[in-house]
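Peer 1: Whatever this is, show me its structure:
(chains A and B)
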There are 2 protein chains.
Amino acid sequence: MSGNAFWQQLESRAVGESVPLQEALAQIPWNADGLIPAIAQQHDTGEVLMLAWMNRAALEETLARGRVCYWSRSRQQLWRKGESSGQVQVLKEARLDCDGDTLLLLVDQTGPACHTGRRGCFYNLVQGERLVVDQSVLIDPANLYGK
Amino acid sequence: MSGNAFWQQLESRAVGESVPLQEALAQIPWNADGLIPAIAQQHDTGEVLMLAWMNRAALEETLARGRVCYWSRSRQQLWRKGESSGQVQVLKEARLDCDGDTLLLLVDQTGPACHTGRRGCFYNLVQGERLVVDQSVLIDPANLYGK
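Peer 2: As a prediction, the model looks like this:
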């Protein structure tokens, strides 16, 4: 069964119906770099914190450990969120979308999710003809990464 | 100034500081296909509805019209959300992340955002060793697209 057909047959399933997780993971349509985007959302406030990327190893580790692990495209290695900053993401819930190519992770984020020291990464707001910074730094990045 | 340096200099800006939007749009690091991911979140409930992709034309149209327009990777054309289903997304707010390569759109979604007729696309929940459908269809897709 092609990945496409796999996700299509899930579309018409009723609430409560399920498939084996391992079968689903084998059908994820990873991109040319072997990655899919993962959205991290704070589980209780609903705040969208960031988007990063996962390969299969990162996703399997995340599900197994309950701590979010991404794939760093710049460093080309597994990125255990918080391993250098201490600002970890505890996994509360993981979801795949209708065609299996995007993850939504509900997390409990300690402190800032963003490497700039802000709570989340989406601090650049379009306001008319300007792009405006509208969130403040919680922790100086020098203190997050400098030690 | 390279795109990277452009976003880096914004990182240390204080709340309220801004840059011209057109300058920022010119510095977005579009991927090899000329796209960036856009997350659509319902503005009042915080529900993450879907992730789709935008090229520069889609983003400019979205900002100009206040109606969300994506780029359809499968159809290779602009995808004015709701143009065939009637389930439009009115744009409430648009944000770019810290490195300018992801959009967060706060929207007001009419009815189902998902082509399956569900409110959102993230209805496949990881539950232990199973992937479980946990959201029901609001409108039969045959009625959304069949007319």
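Peer 1: Every contact and neighbour count from this point should use C-alpha atoms.
Peer 2: Fine.
Peer 1: And the pLDDT for the spatially most central residue of chain A?
Peer 2: Nearest to the mean C-alpha position of chain A, counting by CA atoms, centre = their mean, stands A:Ala38 at 3.2 Å. If you check A:Ala38, the pLDDT there is 98.
Peer 1: Excluding chain neighbours, give the residue nearest to it in space.
Peer 2: Here the nearest residue to A:Ala38 in space, its sequence neighbours aside, is A:Leu103; by CA to CA, 6 or more residues apart in numbering or on different chains that works out to 4.5 Å.
Peer 1: least trustworthy helix or strand in chain A by mean pLDDT?
Peer 2: None of the helices or strands of chain A scores lower by mean pLDDT, DSSP states H and E than helix A:141-145, at a mean of 84.
Peer 1: Can you give me the buried ones in that one?
Peer 2: For helix A:141-145, a neighbour-count test (16 or more other CA atoms under 10 Å in any protein chain shown) marks A:Pro141, A:Leu144 as buried.
Peer 1: Show residues contacting it.
Peer 2: A:Ser84, A:Ser85, A:Gly86, A:His115, A:Thr116, A:Gly117 (CA atoms under 8 Å, 6 or more residues apart in numbering or on different chains).
Peer 1: May I have it exported as PDB, CA atoms only?
Peer 2: C-alpha atoms of helix A:141-145 as PDB (Å, rounded to 0.1, in the frame of the first residue of the first chain):
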ATOM      1  CA  PRO A 141      20.600  33.900  25.500                       C
ATOM      2  CA  ALA A 142      24.100  34.400  26.800                       C
ATOM      3  CA  ASN A 143      22.800  32.900  30.100                       C
ATOM      4  CA  LEU A 144      21.000  30.100  28.300                       C
ATOM      5  CA  TYR A 145      23.900  28.900  26.200                       C
END
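Peer 1: got a list of what A:Ala24 touches?
Peer 2: Neighbouring residues of A:Ala24 by CA under 8 Å, 6+ apart: A:Phe6, B:Leu131.
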